[in-house]
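With the input below, show me the fold.
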Amino acid sequence: MNISCLQENLSKGLSIVGRSVATRTTLPITNNVLLATENSRLKLAATNLEIAISCWIGAKIEEEGAITVPARLLTEFVTSLPSDRIDLSFAPRTHTLQLRCARFEARISGMDAQDFPPIPQVGDGVTVEIDPQLLHTAITQVIFAAATDDARPVLTGVHTRLEGKELTLAAADGFRLAVHKSSLISPVAEKTEFITPARSLAELNRLLPDQEEPVKMTVGANRNQAVFHLDNVEIVSQLIQGAYPNYNQLIPQECKSRAVVDALSFQRATRSAAIFARDGSGIIRLQVTPGKMTISARAEEVGDNLGELDANVEGEEAKIAFNSKYLADVLGIIDTAKVALETTSASSPGIIRPLDSDNYIHVIMPMFVQW
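Numbering: from 1, shown residues only. Next up, the predicted model:
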């Protein structure tokens with residue numbers, strides 16, 4: 001292999017694929033990144049066997065070839081180089097990659113590209129196209145609610161449903177539930193459901209703000225893999241097998257109290273209360289009375305605080321307590337001016353939703369406290 005490319009392009013490509021490099025593995029080659037010539041471009045690829053990311057960058061190809069080298073070492077060295085042309089070459093016999101850039105050069109010992117795990121190919125299945133900004137909003141508003149421990153593996157993923165022209169993403173960890181609905185560019189012929197690992201969607205979400213063309217997503221016929229096609233980037237993810245809980249049963253169908261408040265003020269008051277809630281089991285108390293909502297927290301050995309917001313209240317007065325982190329998380333991703341809090345009782349789930357929007361709903365389980 002004998003090629004040249006710009007340092008800026010190589011550094012960016014390595015940062016994209018580097019997120020899928022294995023950190024703890026019994027297969028050393030998954031600590032490496034694959035460099036290979038393909039269709040007059042340089043292909044970079046990395047995988048941890050659960051997610052694989054490939055990226056193509058422009059390059060001048062003088063001699064084709066492929067090699068794998070330690071991802072962290074290569075990335076750190078390339079990042080340290082000046083913004084100039086990088087020449088890369090390697091000798092197949094020694095498996096050593098040589099880099100030259102301006103007055104810098106390095107040699108990195110690699111491994112045979114043929115030993116690199118093959119990137120899965122997702123063939124026949126269901127294919128849809130999604131507006132990248134709509135998808136970015138959908139992922140952002142649900143992914144934080146997915147579970148982070150493996151006690152229930154299905155909850156570490158995001159339930160994805162394709163039906164007609166609607167895409168529904170849902171995530172839950174047993175204490176909260178986030179559901180977002182958005183539209184597909186074209187309808188699907190049949191209803192399709194699967195569970196995508198939250199981490200895979202997080203890596204996809206990082207790249208969406210810079211994406212201009214629609215994202216093409218293909219789900220394998222046996223529902224065990226999905227591939228996301230972006231501009232010069234491809235993400236292949238294993239899917240989580242299992243039955244996702246029927247989350248619609250967790251969403252209250254009616255409420256006895258509804259308070260509409262300014263979203264930014266609600267977020268600020270929650271942030272203030274969370275300071276005291278840290279030493280009080282993370283509990284924030286919300287109380288709705290005619291014309292206002294109070295947000296308070298107290299810790300026996302530290303003190304207490306109380307914030308008051310103007311509210312447009314419908315229905316009965318209400319009291320409910322939430323975990324401060326869960327409340328702060330959802331308020332941090334709502335981008336509308338007003339937000340509604342809907343409750344039934346102090347012991348029933350509460351609902352947070354953006355005002356005048358029916359495409360997002362967030363359910364939080366209450367905490368039981370002494371009032």
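
What's opposite residue 293 in the beta bridge?
residue 288, residue 309 (DSSP bridges).

Report the separation between it and residue 169.
29 Å (Cβ to Cβ, to the nearest Å). Every C-beta, even on glycine, is put in place using the N, C-alpha and C of the backbone.

what's the answer for residue 6, then?
Distance from residue 6 to residue 169, by Cβ to Cβ: 37 Å.

Next: residue 30.
29 Å.

any idea of the pLDDT on the residue of the chain most remote from its centre?
Taking Cα atoms, centre = their mean, the residue of the chain most remote from its mean C-alpha position is residue 93, at 41.2 Å. At residue 93, the predicted lDDT confidence score is 80.

give me every residue that touches it.
Contact analysis of residue 93 by Cβ atoms under 8 Å, 6 or more residues apart in numbering lists nothing.

ok so it is a helix residue?
No - counting by DSSP: H, G, I helix; E, B strand; the rest coil, residue 93 falls outside a helix, being coil.

more neighbours, residue 6 and residue 169?
Neighbours per residue (other Cβ atoms under 10 Å) separate residue 6 from residue 169, with residue 169 holding more: 22 against 16.

Who is that one paired with across the strands?
residue 160, residue 180.

all strands of the stretch 101-250 of the chain, in order?
104-109, 125-130, 157-163, 166-172, 176-183, 192-197, 215-220, 225-230, 233-238 (DSSP state E, counting those that start in this stretch).

Which parts of the stretch 51-200 of the chain are helices?
In the stretch 51-200 of the chain, the helices defined using DSSP state H, counting those that start in this stretch lie at 71-80, 132-142, 198-207.

Nearest to residue 252 among these would be which one?
helix 132-142 (18.5 Å; Cβ to Cβ).

quick one on the thing from earlier: as CSV, the strands of the stretch 101-250 of the chain with mean pLDDT and distance to residue 354 would be great.
Output for those, formatted as CSV (pLDDT from 0 to 100; distance: least, Cβ to Cβ, whole Å):
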stretch, mean pLDDT, distance to residue 354
strand 104-109, 95, 50
strand 125-130, 93, 20
strand 157-163, 97, 19
strand 166-172, 97, 16
strand 176-183, 97, 11
strand 192-197, 96, 24
strand 215-220, 94, 23
strand 225-230, 96, 26
strand 233-238, 96, 29
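
if we compare those strands, which one ends up closest to residue 253?
strand 176-183 (13.9 Å).

Go ahead and name everything in contact with that closest one.
With Cβ under 8 Å, 6+ apart as the criterion, strand 176-183 contacts 130-131, 134-135, 137-138, 141-142, 144-145, 165-172, 247, 250-251, 326, 329-330, 358-365.

likewise stretch 10-23?
30-33, 42, 44-49, 51-57, 71-72, 74-75, 78-79, 81, 86, 203, 206-207, 233.

Please repeat the previous calculation with a cut-off of 7 Å.
By Cβ atoms under 7 Å, 6 or more residues apart in numbering, the surrounding residues in contact with stretch 10-23 are 30-31, 33, 44-48, 51-55, 57, 71, 74-75, 78-79, 86, 203, 207, 233.

Also stretch 112-122?
Looking at stretch 112-122 with Cβ under 7 Å, 6+ apart, the contacting residues turn out to be 29-30, 34, 36, 45, 47, 49, 52, 54, 66-68, 95, 218, 220, 225-227, 236.

Kindly report the same for stretch 231-240.
For stretch 231-240, contacts defined as Cβ under 7 Å, 6+ apart pick out 16, 50-56, 119-120, 122, 153-154, 157, 194-197, 200, 203-204, 207, 211-213, 223-228.

about what we covered before: give me the buried subset of the contacts of stretch 112-122.
29-30, 34, 36, 45, 47, 52, 54, 66-68, 95, 218, 220, 225-227, 236 (16 or more other Cβ atoms under 10 Å).

Can you tell me, leaving aside adjacent residues, what's nearest to residue 257?
Leaving out its chain neighbours, the residue that sits closest to residue 257 by Cβ to Cβ, 6 or more residues apart in numbering is residue 318, at 3.7 Å.

likewise residue 267?
Nearest to residue 267 is residue 331, by Cβ to Cβ, 6+ apart, at 4.2 Å.

Kindly report the same for residue 218.
Closest to residue 218 by Cβ to Cβ, 6+ apart is residue 127, at 4.5 Å.

Tell me how many other residues surround that neighbour.
14.

With the one 3 residues further on instead?
Burial of residue 130 is recorded as 22 neighbouring residues (other Cβ under 10 Å).

bridging residues for it?
Using DSSP bridges, the bridge partners assigned to residue 130 are residue 215.

got a list of what it touches?
So residue 130 contacts 167, 184-185, 214-215, 217 (Cβ under 7 Å, 6+ apart).
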